[in-house]
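>>> Here is the input, now give the coordinates:
(one chain, ligands or ions: 1)
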Amino acid sequence: MTQLTLPELPYAKDALAPYMSAETLEFHHDKHHQAYVTKGNELLAGSGLENASLDEIVKQSFGKPNLQGLFNNAAQHWNHNHFWKWMKPNGGGAIPGALEKKIAEDLGGTEKFAADFAAAGVGQFGSGWCWLAQDPKTGKLEIMKTPNGENPLAHGKITLLGCDVWEHSYYIDYRNRRPDYLKAFLANMVNWDYVLELYQSDAHRQAA
Ligand code: MN3
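Numbers count the residues shown, from 1 in each chain. Predicted structure coming up:
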């Protein structure tokens, strides 16, 4: 039986300050993410997906009215598992060569990528996420935005990078200034090594 568990943060709670404070990570990781884990486990029982992997739970519960609650919590668990690893102290900076080249080919270069990714995050009305994803059929990179817990995985895409634009992710540090949060995420927090790892992982690609 699959059991969702809260991962440890891969850095100290104050490691991303001043761009993301220890207080934000205390609430976001210890309270919000924990709540998705707890509720997800409750809703997994009796769902018919008790023995599925987390990837399969997300994909198979998406769009099913009777599994909407399970999808919301399992997808948010999946999203946050990655989100903590998509950031690191002294992040941002140069994009690894293989990925930089692909971004130039498909998305018009790193500056245009950064502008369009931030615009997707700012333009997501209400809670949700913005993403760098890859279409497994065409191989092309694309920028996406999704509401609530939805993610590229649910839409059959390979997820490479995502930024949480729910207010709980930035309100303590940035109040209503979501554009400033997105700017700091890209300039000072993104862990491009992890993005590259996902881009080059056959297992991650095949799960999409
Ligand atoms: Mn969140």
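>>> going forward, measure contacts and count neighbours with C-alpha atoms only.
Noted.
>>> Residue 107: neighbouring residues, count only.
When counting by other C-alpha atoms under 10 Å, one arrives at 19 neighbours for residue 107.
>>> What values do phi and psi take at it?
Here is the backbone geometry of residue 107 (degrees, to the nearest 10): phi -120, psi 10.
>>> Look up which helix or strand the residue nearest to it when sequence neighbours are not counted falls in, please.
Leaving out its chain neighbours, the residue that sits closest to residue 107 by C-alpha to C-alpha, 6 or more residues apart in numbering is residue 113, at 5.9 Å. Secondary structure here is read from DSSP states H and E; on that basis residue 113 sits in helix 110-123.
>>> now the most centrally placed residue in the chain, which residues is it bridged with?
Closest residue to the average C-alpha location of the chain: residue 162 at 3.7 Å, with C-alpha atoms, centre = their mean. When bridges are called by DSSP bridges, residue 162 pairs up with residue 131.
>>> what does the longest helix seen in the chain contact?
Longest helix of the chain, by residue count under DSSP state H: helix 68-85. Contact partners of helix 68-85, identified using C-alpha atoms under 8 Å, 6 or more residues apart in numbering, comprise 4, 7, 9-10, 33, 36-37, 39-40, 43-44, 54-55, 57-58, 61-62, 148-151, 162-164, 191, 194.
>>> Could you rerun that using 7 Å?
Contact with helix 68-85 is made by 7, 9-10, 33, 36-37, 39-40, 43-44, 58, 61-62, 149-150, 162-163, 194, as judged by C-alpha atoms under 7 Å, 6 or more residues apart in numbering.
>>> Can I have the buried ones of those as a PyMOL selection?
Selection of the buried residues among these in PyMOL, burial being defined by 16 or more other C-alpha atoms under 10 Å:
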select buried, resi 33+36+37+39+40+43+44+58+61+62+149+150+162+163+194
